Structure formats: C-alpha cells, structure tokens
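Asks: can't give you the sequence, but here's the structure:
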C-alpha cells in the first residue's frame, strides 16, 4: 500500500466502479466510472489510470487518473454498475434508472436506455406520482434489478422499455441495497435491519426468506455476496458493524464484527481473492480485512474442529484446501481466534468514504471530500 | 461602531432601477434576496412604470462557486483539521516545525490551484473567461506571496541573518521570470550576444544568484577577451562574498566582519576605476555595493518595491534585524514609487506585515480579497502560533472565530460544500455550535442517504433537537407518501412518541378499513421500540393477538385480547373491534374464556354501551350506523351469555371431578 494516488475532482463522489475486464483476458483494470451527488449538476464520469505519457495536460504525474469523458446525470447518482464492457447503469435520486453507453472511439457517453420514474411514491388516494430515490441496482446481463426508497423492486431487461416484473410494497421501509444471490434469486437489505431473499420464479410480493439482526433494528446499508460461496453474504450497518450471514441456516448473522464508527456505506469481497474484504464508512475510513493469514494452519485447525474428515483427502490440491479454509474463516463465529487482520488504507480520515471497488490488484474509492483515491498495489 | 475602513462597494443589479422604485430585500445565510417593490419614490408620479418582474439572489461569496477553487477548499479542509489536532503539549522547536510544515502545505495547495487555474486560463476559448481566470491566477499568486511573507515573519520568526536568506527565497519564488529568461538566453547560439544577456546577468545579481551570474560572466569573458580580466575580478568578488549558510556555525559578528572586508574591497575596485572601461560591469559592482541610485535605475528588472527592498538589504545590511525591517520597507516603497504612484492594496498588506502588524494584515486582506478562505485559514494558523490571543472584537467572539464563522457560513450557503463547513464550526468554541444548529436545519433533504449524513453530524454532536426535527421531517414526508412503515421507523428513531401514536393510528385505521395489516415485516419486529408510545404498544400487541390466533393458540390469544382492554392500552374507540374479534373465540367448540374472563368482557361491553351518547339527532346515516351497532352489541351479549353458561358448567364439572 505504498502508492495511493489522490485526485481532487470538484464534486462529491457517491459511487466508484471498475470497468470489468473481459473474461479470460490478462488485462488489469484501467478504467473506472464515478458518479457524483449533491451537486447542482451531477454527472457520471469515466476515468483512466492507464499511462498517458505526453498526453498529460494537467501537469499530473504518472499514475494519476485522467478524465476520459463525462455526461450529465439528473439527480444524485445513488448507485452505479457496469452492465457490460460498454454500458453503465446509474440509479438516480429522482427515481430514474439510466443506461449509459460508452463510445471508446470518440470518448463520449450517451444515454442508451432510460426508465423514468422506475421508483415513485403513490400519494394517498391519488394516482399522481412523486418520485422516490432509487437506492440500489444490480446487473446480470440481460437483467437489471433496482430497489428504492419506495420499497419497490423492479426487474428490467436492458432491451425492454417496460419493467419485466415489479414487486410493489416489497418492503415497508427503505430498501438500501440489492445483490444477486444466484439467478433468479436476489437479496435485499433494508432500513430496519432485515435481509430478505426474493425468488423471481415465485409470484406474489412475499420474500421467500427473512433474516434479521436481533433487537435494535439497526439499518443495513450495503450487501455483498461471496464470489464463490453463494450462501455467504456480508452486510454493513448504520452502526458500522460488519455482519456475515449464512443464508442456508438460521435467521441471524453468523458473526458480527465491530468495525467502523459510523455508517458502513459499502462492503466488497475481493472478486478473485475472496478471503480479502473491503469496507468503507461515513467516518472517513477505508478498511482491508484479510482473513487469509496463516491459511494452511487454519484449515487444519478447521478440520480437527469436527467437520467430516473424509473431505480432507490427499487428492485435494493445496489450492482447494486453502480455499476451504476461507469459507470457514468468514463463517467462523469464534471471536477468540483473532484470524482477521485489518488494515486501514487511507492515511488521514476526514469526510465520508462513500464508495469503493476492487478488481485484481486495484482499488478505487471516492469521498465527500471530493477526492478519488486509486491504488494499483493492493497486495504488495 | 468603528469607522468604515473603506467605502462599501456598490453592486449594480441589472434591470432594477433604484432611482424610480423602492427595493426590498431579505438576508439569508451568505446571500440576499432582492426585488423591486411597486412603491415608487415620488408619490405624485401617476404613470405606472412596469416594474422588474424578477427576484434576485445576491451572493457575496462568489468564489465558493468556482470549480477549481473547490479543490482549494477541500484540500485545505484536510490541512485545517490536521492543524486543529496538533498536540497542544508540543512546544518549542517541534511545534514550530509542525506549524511551518502546515503553512507550507497550505501554500502548496494554493500553488497547485494557481497552476491549474493558469492552465485553464490559457486553454480558455473566449477571451472574457480567459481574463477572468487570469485575474483569479493573480489573486491566488498574491495570496501565496502574502502567506509566504507571513510564514517567514510570524511563523518561522527568522532571526537576523537567516531572515534575509528567507526573504531572498521569497523574492526568487515570486519574481520568477528570470528562469524563462535564463533558458531563453542559454538556449541561443551565442548567449553573450543575446539582446537580453545583460538584463539576465543583472537580474541574477539583483536576486543574489551570484554563482549563476559568475557563469554568465565567464561566457562573456570567453567571447570578449578585452574585458576578460574585468570579468574575472568581478567574478572573484562574487565568489568571495560572505554569506550565511544554514549549516555554518560562524557567528553573526564574524560574518559582519568578513562582509565589511569584502565590501571595502568592492569599494576599492570602484575607486580604482577597475571597471571604468565597462559601464555594465561597473553598474553590477555598484549594485553589489547596494548603491540605491544604481538599483533604482533597474526598476523594470526589479519589477516591484519588495524586490528592491530585499536586494538593497542583501548588499547593504545582510544581517538586518526583524525590528528594523519596517524602516527599510517604508523607505524602499517610497523610493521605488518615487511619488509617481500611490501604493496599492497589496503594497499596504505587505507593508503591514513588515511592520509586524498582524491585525492590519488581516484587515487589509479581508477588504482586498474576494473570499474568506485566505483570512480565515491564515488567522487560524497565526492563532495556533499564539500570536492573536490578546485581540478581542467588540462583537461576537475573537477574530479567529469570527473569520472562521464567516468562511463556514459561506460554505453552508453552497449546495454541496456544506459538509466542509461543519468541521469549521466545530472548531469555533463560542458560537460554532449555535451556528451549526441554525445552518444544519436548513439543508434540503432530498434523499434518505443525505438525511442520514446530516443526522450523523447531529448525533455525533448530541444535537438532540435537530435530530428530532430531521426525523420528524422525514417521518412527515413518509406519511405523505403513504409509506407508513418508513414513517414509523423514523419516529422510533426520533423517539417521537406523539408521532408514533399518529402513525399507529393510521395503521389501525387501515386495518379497520381493509381487514388486514400492511407492513407486517416492521410491526412483527418492533422489539423494545414498541414501548415508545401506548398506541404503538397496542399496535404491536394487537398484531401479536392476530398471530396467536392464526397459530390457533386460542387461550393465549384470548387472554392477550382481554388484557389489552383491561389494562387500558387499547383506545376506547377500538374496543368494539376488539370485542368483535372475541366473537369467533366465543363461538369455538371448546370453552376458551373462563367465567371470570367472560365477566370482564361483559363489563367492558357494558362500559362501552353505557358510555354511548343517546340518539339525539335524527340522521338517517347515523340511525343506520346505530342499527348495526345495536345488532353487534346484541350478538355479543348473546355470545357472552352462552359462553358464560358453558364456562360455568365446565368449571363446575372440572371442580367436581
């Protein structure tokens, strides 16, 4: 974590996302998108961390990220997801969901598809719409799922003008985030500390499972699913607590980890290295959770711990056994064994870190202090 | 009231004719609303002049809206916070070093901003905006110049000797045309024949960059053998000039002695007319003797009076003491301007700094500069150097706090920078909190996420009143949008019992209308929050009754239902519904309500029936309603009586067996 580049961009950043690299390619991440909020004019921007050499007009030094292009966005950017290599889906505080298309030839962005008033309130007794912020989106080509403050869940298909499926009043409180568990199941988190699992194959407006934090009804703000273990889900709450859930069993989190001092805005498992987890918070901190320390030893501990020992055969490659240990490390409920190493990635904390994204060795995060931080050496 | 320091600037508002019409205005935080009234100044003018149809927003702090300056505000915010956290116990050298570092950080942010602004000014497409950016560049550059001088004089507090070295660096940093000139000359084919060659050599000598000047002279010597020896002698003089080097341990007296010797040598050469053959070299020698007339001949190269001051000191009094500085500064300014022009605001500010009059510096800067950023941050830094403690204003708090408040209020007027303002208010011990309380309530909350951020700010500072008001706003919004679940969550968060009651009533009303509950996910999970208000408790318990009933736990359901009425948790208006809910339980095959419970139920029913007002008015609708009610009561009485009979028999037979 020697080199972390900061750039002030004159807009408060609400979301940062890496553009996915084509599957199977050896490319590293080099383009990311950001969304701004609370500006008079908000925008969705694309940035490059690639070397520009002499093109650098800003007097910036090598490694600094450069603006590729941007486009105005009506309302705050509440969430941002890459749909594929060229398309970005943005959620707006006006309830609108927009798909932007990036033209790499002339470096511009254009509106590709738009669902205005995807999220809205229905006033008492009147059919008039008042818009409701869309708070979260998740994409799985060709589907886009959106959730909002109106407690509604929409399922869009990118080439359809109308919603494929809408669950009105899916939640009595605000839905804060959504992610796919496994198609066609999604998991949502809401402002009364509940995690709900929905299956689009089922009709009706009832979730197929509700999990919740006990007692205090602490709002949950973010959710991410373990990339390989689809039943392992991490959420972050208003009190800065990190919760790990096993959706196969129980209705309560498997472990609760005291983390940040204020709202945890995002949590992400590392996509290819899921024993690493990243969280950011309103308190201005960005944390790297490393559960991989002493991996092999832990796995042996784990197997002695009473699971089916037939699983541990010599034929299993070392890689696989390490991998198995990871699952246990996130699901371990034993706080006495301090297995997770936490490092703070930002030098000094001030204003909220609203968003982060990880891809390969690269991490990007955006703050209310109008700075974007990028590092390309996560695991150095 | 103190006298005005300068005439207030007049702002012309296009379209508003204040000669003919009266204007009206209202102050807001950091801005003003203004419009033309329909009252004309002269009463007798009967003609109706169409008045200006606009309401104007007049902002005083326009710099806040500059995209590039936003970076300055954001980056310096971090430095400001760091400065406030500097340990108070740090004393002496380490503290001073810290403060100097902070000051340098501020300056580097100004410089970065200036460079970007410069780039934008060059790239600007239309000349008007280019000019605007250029003027911003010059303002930023002036800020940095002033800050740097303040850093040397007030923060670094350089003593005699090092003081001049710092001042030299200061001049070199800000009169930097010489570098491009030098590159230009050295890049040419024959440097010594370049038209600006002598200008360059002179500027180098004026800035005390004698090593570079010597190299230039050696080029001249190579090209022009006739004056080679003169160049060599002057070069030697340049080389031997004693200067204070930071690592050197020699005392000031030693230095002064050496310097005196060196100066005598220079004078001797001049008297011996060593350079008589070359007026240019002679002029250089005169400069090195600090000859004021010769220096003033090079006004264009010096470009400003403070350069003149520093050069003059360098060659006439290199160990000048800080206290003597203002005397030299004043005379330099007078000599340089020579009565031809009057000093500009920047000159006055620098002069005030040389006079060590911090308050005058800040006052002049406040008047001259278009934003509060500079004075607020500089004053705060100087305050941390413990230079301002004695000064109190006749209004509000001390000067540091006053300026920080002004700056932070400006940030709060901005739709996006308000978050930065919060931290500045935090570090204003006297009025910061009240200001924050007033400002934070006025932030528009268009999304819950923004509201949560504002709430977090309030909660961290125990501003309970504001927390309540924000939650109430959100709860009201949710009710208006028919989001009862959200509304209830917000009123629970605000611990607002009255509002929770109101929302609970809405839930119950909806239930009565529709016969089913909405938002079960919330009501079923109220937990301890249920205790917030009686009505909410009732709502939760009543829902629990339904759940028990659904699970066919009739005995539990029945006792819960009864307790809701006997404990007076249930509102009386709801008793009839509760009693009706008891009907199916009374009609079950097995006996659920015991005789005692049945008596209680009967008492409740009769209480309710007797409490009803008699039918006074003859209203068809009402009669019909009453009809239904009467039927209900009759049915209940019958069911209760039958249940009582069954219960008595059952209890009797149980006892008997």
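Replies: Structure received. Quick caveat: nothing in here was measured; it's all calculated off a predicted structure.
Asks: okay, CA-based contacts and neighbour counts for the rest of this
Replies: Noted.
Asks: Give me the mean pLDDT for stretch A:121-135.
Replies: Within the predicted structure, the mean pLDDT of stretch A:121-135 is 74.
Asks: in the sheet, who's paired with the closest residue to residue A:6 other than its chain neighbours?
Replies: With sequence-adjacent residues excluded and distances taken as C-alpha to C-alpha, 6 or more residues apart in numbering or on different chains, residue A:6 is closest to residue A:373, at 4.5 Å. With DSSP bridges as the criterion, the beta-bridge partners of residue A:373 are residue A:6, residue A:365.
Asks: so is the residue nearest to residue A:182 when sequence neighbours are not counted in a helix, a strand, or just coil?
Replies: Taking C-alpha to C-alpha, 6+ apart, and ignoring the residues beside it in sequence, residue A:182 has residue A:230 as its nearest neighbour in space, at 6.9 Å. Following DSSP: H, G, I helix; E, B strand; the rest coil, we place residue A:230 in the coil state.
Asks: distance of residue A:230 from residue A:274?
Replies: Here the criterion is C-alpha to C-alpha, to the nearest Å. By it, residue A:230 lies 12 Å from residue A:274.
Asks: what's the answer for residue A:108, then?
Replies: Separation of residue A:108 from residue A:274 (C-alpha to C-alpha) stands at 34 Å.
Asks: show me where pLDDT drops low in chain B?
Replies: Filtered on pLDDT under 70, chain B yields the residue ranges B:1-5, B:29-30, B:40-51, B:61, B:87-89, B:248, B:389-396, B:611-623, B:654-657.
Asks: List the residues that contact the residue positioned nearest the centre of chain B.
Replies: When chain B is reduced to its mean C-alpha position, the closest residue under C-alpha atoms, centre = their mean turns out to be residue B:421, at 2.6 Å. Contacts of residue B:421 were listed using C-alpha atoms under 8 Å, 6 or more residues apart in numbering or on different chains, and they are B:407, B:408, B:409, B:411, B:412.
Asks: What values do phi and psi take at residue A:115?
Replies: Note on residue A:115: its backbone torsions stand at phi -120, psi 90 [degrees, to the nearest 10].
Asks: How many residues are close by it?
Replies: Using other C-alpha atoms under 10 Å in any protein chain shown, residue A:115 has 17 neighbouring residues.
Asks: Nearest residue to it in space, please, no chain neighbours.
Replies: Going by C-alpha to C-alpha, 6+ apart, residue A:115 has residue A:97 as its nearest residue, at 5.2 Å.
Asks: Check what pLDDT the one you found gets.
Replies: The predicted local confidence for residue A:97 comes out at a pLDDT of 95.
Asks: can you map out the helices along the stretch 151-300 of chain A?
Replies: Taking DSSP state H, counting those that start in this stretch, the helices of the stretch 151-300 of chain A run over residues A:295-304.
Asks: now the stretch 401-550 of chain B
Replies: If DSSP H, counting those that start in this stretch is used as the criterion, the helices of the stretch 401-550 of chain B fall at B:418-426, B:432-440, B:448-460, B:464-480, B:484-493, B:497-514, B:520-523, B:534-550.
Asks: From chain A, how far out is the residue nearest to the centre of chain B?
Replies: From residue B:421 over to chain A the distance is 11 Å, taken as C-alpha to the nearest C-alpha, to the nearest Å.
Asks: need the next SSE after the strand ranked longest in chain B, C-terminal direction.
Replies: With DSSP state E setting the assignment, residue counts place strand B:31-40 as the longest strand in chain B. Moving toward the C-terminus from strand B:31-40, the first helix or strand encountered (DSSP states H and E) is strand B:55-59.
Asks: can you give me the strands for the stretch 1-150 of chain A?
Replies: If DSSP state E, counting those that start in this stretch is used as the criterion, the strands of the stretch 1-150 of chain A fall at A:5-8, A:13-18, A:31-36, A:42-48, A:66-73, A:77-82, A:87-92, A:97-103, A:108-115, A:120-122, A:129-131, A:134-140, A:143-148.
Asks: Would you mind naming what in the stretch 1-150 of chain A lies close to chain B?
Replies: If contact is defined as C-alpha under 8 Å from any C-alpha of the partner chain, the residues of the stretch 1-150 of chain A in contact with chain B are A:8-10, A:12, A:38-40, A:58, A:93, A:121-124, A:130, A:133, A:149-150.
Asks: For PyMOL, what selects the buried ones among those residues?
Replies: Buried members of these, defined by 16 or more other C-alpha atoms under 10 Å in any protein chain shown, are picked up in PyMOL with:
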select buried, chain A and resi 8+9+10+12+38+39+93+121+122+123+133+149+150
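Asks: Buried residues, the helix or strand harbouring residue B:265. List them.
Replies: Applying DSSP H and E as the criterion places residue B:265 in helix B:252-271. Along helix B:252-271, these residues count as buried under the neighbour rule (16+ other C-alpha under 10 Å): B:255, B:256, B:258, B:259, B:262, B:263, B:266, B:267, B:269, B:270.
Asks: Spatially nearest residue to the second one (excluding sequence neighbours)?
Replies: Translated: residue B:256. Nearest to residue B:256 is residue B:319, by C-alpha to C-alpha, 6+ apart, at 7.4 Å.
Asks: Three-state assignment for the one you found, please.
Replies: Under the three-state scheme (three-state DSSP), the conformation of residue B:319 reads as coil.
Asks: what packs against the longest strand of chain B?
Replies: In this structure, strand B:31-40 packs against strand B:21-27, strand B:55-59, with contacts taken as 3 or more C-alpha pairs under 8 Å, 6 or more residues apart in numbering or on different chains; DSSP states H and E.
Asks: go with 10 Å
Replies: Helices and strands in packing contact with strand B:31-40 are listed as strand B:21-27, strand B:55-59, helix B:399-413; criterion 3 or more C-alpha pairs under 10 Å, 6 or more residues apart in numbering or on different chains; DSSP states H and E.
Asks: Using JSON lines, lay out those together with mean neighbour count.
Replies: Rendered in JSON lines, the data for these read as follows (neighbours: other C-alpha atoms under 10 Å in any protein chain shown):
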{"stretch": "strand B:21-27", "mean neighbour count": "14"}
{"stretch": "strand B:55-59", "mean neighbour count": "15"}
{"stretch": "helix B:399-413", "mean neighbour count": "23"}
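Asks: Quick check: which of those is nearest to residue A:359?
Replies: Relative to residue A:359, the nearest member of the helices and strands packed on strand B:31-40 by C-alpha to C-alpha is helix B:399-413, separated by 35.8 Å.
Asks: can you give me how far the closest one is from the chain middle?
Replies: The offset between the C-alpha centroid of helix B:399-413 and the centroid of the whole chain comes to 8 Å, using C-alpha atoms, centre = their mean, to the nearest Å.
Asks: and it, is it in reach of chain A?
Replies: No: contact between helix B:399-413 and chain A is absent, the nearest approach being 12.6 Å (criterion: C-alpha under 10 Å from any C-alpha of the partner chain).
Asks: Now do that helix and strand B:55-59, the angle between them.
Replies: Interaxial angle of helix B:399-413 relative to strand B:55-59 (axes from the mean of the first three to the mean of the last three C-alpha atoms, to 10 degrees): 140 degrees.
Asks: so what secondary structure elements neighbour helix B:399-413?
Replies: Packed against helix B:399-413, as judged by 3+ C-alpha pairs under 10 Å, 6+ apart, are the following elements: strand B:31-40, helix B:358-368, helix B:373-384, helix B:418-426, helix B:432-440.
Asks: Which among the ones you listed is found nearest to residue B:154?
Replies: Here helix B:373-384 is closest among those (C-alpha to C-alpha), at 7.4 Å.
Asks: list the buried ones in the closest one?
Replies: Residues of helix B:373-384 classed as buried by neighbour count (16+ other C-alpha under 10 Å): B:373, B:374, B:375, B:376, B:377, B:378, B:379, B:380, B:381, B:382, B:384.
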